[in-house]
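Undergrad: Structural data only, the sequence is not supplied:
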Ligand SMILES: NC(=O)c1ccc[n+]([C@@H]2O[C@H](COP(=O)([O-])OP(=O)(O)OC[C@H]3O[C@@H](n4cnc5c(N)ncnc54)[C@H](O)[C@@H]3O)[C@@H](O)[C@H]2O)c1
């Protein structure tokens, strides 16, 4: 099987090559979109990542070029028009659970860094400034963590915060027995917003969850709430969040994902003028910490992503894999 790997970075090449076996992989740096889809000509399958665009037009072009399988090397699949893929007979596979702990631990890293202001302390010490003014944090022990989505990553996050002695307040249409066993209490979105000291998003982006956190929900939250999003940027209405930061409703914001990240993340733009004024405004707040979609980025996760992706491609070659299109 001939596979075009889009959005390929050096680390993708390293880990996918280790697992490739008899599958031929061609690494293409560009993202897959309308402008680049012709690069898939002659391939049986494409392997894509979170910001590749697989809308109806791109899928039709892929189909016309003979591509019969899309292997997502990630868990989320909001960037694929599954109905169109199904209608065209293109199989879609993903890596549903490569390392929930990787994202859960990154969530915890954002919480602790924001709370104990490690990002500021790091710079201060380097500059010989040993003052503690402005570095005051709070104990996590006894605080209420609101988890929106308790699937694989939400559960792994619940375990970590349970270990810190936090109360777990959760919202998910499908409650987890493990989270309940940890003492987690399931409640409505509104009550979670009202009661939680820290709110962390772990549900998928779908038409129903787009802007799940909007001005109305933000208004219900505690003053000074900590909001963490390691799931998908568009779960949050960024403009509403900026207003809530200005009014100090949000006391801390940790983002690993951003609504318009497709134009920014995974690239070195340090010598360019960033044109996204909303993103730039977010960066001006001292209580905002942004990482560039690196929650998944651990050695263990990359090994697992490569192994599962290559296995999906092997199964697709045997006509066996179309996990997501069956769900569509
Ligand atoms: N930052 C990263 O690097 C990174 C890496 C992997 C995954 N993710 C994101 O994390 C998300 C969660 O991953 P997962 O493996 O835990 O998925 P999962 O499918 O195991 O769990 C998702 C949970 O969300 C729940 N859910 C659905 N709609 C909901 C709603 N409206 N309100 C509350 N809960 C709802 C589901 O019932 C499910 O329990 C993915 O969809 C992806 O967007 C981010």
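TA: On my side now, so go ahead. A quick note: this is a predicted structure, and the numbers were derived from the prediction, not measured.

Undergrad: The helix or strand that contains residue 310 vs the ligand: in contact?
TA: Here residue 310, judged by DSSP states H and E, is contained in helix 299-317. No. Contact of helix 299-317 with the ligand (CB under 6 Å from any ligand atom) is absent, the minimum separation being 8.1 Å. For glycine as for every other residue, the C-beta is placed from the backbone atoms N, C-alpha and C.

Undergrad: Determine the set of other helices and strands touching that helix.
TA: For helix 299-317, the packing partners by 3 or more CB pairs under 8 Å, 6 or more residues apart in numbering; DSSP states H and E come out as helix 10-19, strand 45-48, strand 69-72, strand 91-93, helix 100-116.

Undergrad: Only the buried residues of the shortest one, if you could.
TA: Of the residues in strand 91-93, those buried by neighbour count under the rule 16 or more other CB atoms under 10 Å are 91, 92, 93.

Undergrad: before we move on, back to that, which positions within the helix holding residue 310 qualify as buried?
TA: 301-302, 304-313, 315-317.

Undergrad: So what's the gap between it and the chain middle?
TA: 19 Å (CA atoms, centre = their mean, to the nearest Å).

Undergrad: mean confidence for that helix?
TA: Across helix 299-317, the average pLDDT comes to 95.

Undergrad: For it, give me every contacting residue.
TA: 1, 3, 11, 15-16, 18-21, 23, 44-45, 47, 68-69, 71-74, 91, 93-95, 98-99, 101-102, 296, 321-323 (CB atoms under 8 Å, 6 or more residues apart in numbering).

Undergrad: Columns pLDDT and distance to the ligand on top of the buried residues of strand 91-93, output as TSV?
TA: What follows is the buried residues of strand 91-93, written out as TSV (pLDDT from 0 to 100; distance: CB to the nearest ligand atom, whole Å):
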residue	pLDDT	distance to the ligand
91	94	20
92	95	15
93	95	15
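
Undergrad: and which of the residues you listed is nearest residue 214?
TA: Lowest distance from residue 214 to these (CB to CB) belongs to residue 92, with 29.7 Å.
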